[in-house]
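[1] Predicted model follows, preceded by the sequence.
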Amino acid sequence: NQYSEDLFGCFDDINTCVYGFCCTPCLVGQSAEDANVGKCFDTACCLVAWNCIPYVGGCISACKTAEIMNKSAQAYGVTESVEWCPTIMFCGACAACRLQREINKRKAAGMQPVVAVMVVPAPQQMQQAPTQK
């Protein structure tokens, strides 16, 4: 399932556009919260904190941003991945805006996020087979 929103369609929803360009980590956090894959404030703070690491912080932040965005999109059935290197490094705000517009459109259509949950089976007890005499 592909995005139905264009990467550079920011002006289709000017409020999301302004929000994304003013504070991209906050918009990524909002998308994560809407998709039930993270808390808005925690996600935004984590993304900002990664940028504080000298030399490699920007790359780590871009990787984590792409990971969070892909999880959020997958929760709404979008299987198209955001490639971190070109997209997040050069068009991160556009990608965040596209994701939020996609989530808003799917929520308006009545779609709920689906997050995969791993269920661990209950422990089983081994019993010794009866011995024959």
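    That came through fine.
[2] quick one: the helices in this protein?
    Remark: helices assigned in the chain by DSSP state H are 14-22, 24-34, 40-50, 57-75, 89-108.
[3] Just list the residues touching the residue nearest to Cys97 when sequence neighbours are not counted, thanks.
    Spatial nearest neighbour of Cys97, excluding adjacent residues (Cβ to Cβ, 6 or more residues apart in numbering): Gly20 at 4.0 Å. Backbone N, C-alpha and C define where each C-beta goes, glycine included. Shown in contact with Gly20 (Cβ atoms under 8 Å, 6 or more residues apart in numbering): 10, 27, 93-94, 96-97, 100.
[4] Ok, Ala95 next?
    Per Cβ under 8 Å, 6+ apart, neighbours of Ala95: 7, 69, 82, 87-88.
[5] how about low-confidence regions in this structure?
    84-85, 116-119, 133 (pLDDT under 70).
[6] what do you get if the cut-off is 80, keeping everything else the same?
    82-86, 115-133 (pLDDT under 80).
[7] before we move on, back to that, indicate which one of the helices of the chain is closest to Met126.
    Smallest distance to Met126 across these (Cβ to Cβ): 37.4 Å, for helix 57-75.
[8] Do I have it right that Gly38 meets Ile68?
    Yes. Using Cβ atoms under 8 Å, Gly38 makes contact with Ile68 at a distance of 6.4 Å.
[9] shared neighbours, these two?
    With Cβ under 8 Å, 6+ apart, Gly38 and Ile68 have common neighbours Ala32.
[10] Neighbour count: the two, which is higher?
    Ile68 (24 against 18; other Cβ atoms under 10 Å).
[11] Grab the nearest non-local neighbour of the more buried one.
    Going by Cβ to Cβ, 6+ apart, Ile68 has Ala32 as its nearest residue, at 5.3 Å.
[12] Looks like that neighbour contacts Gly38 (just checking).
    Yes. Between Ala32 and Gly38 a contact is recorded at 3.6 Å, counting by Cβ under 8 Å.
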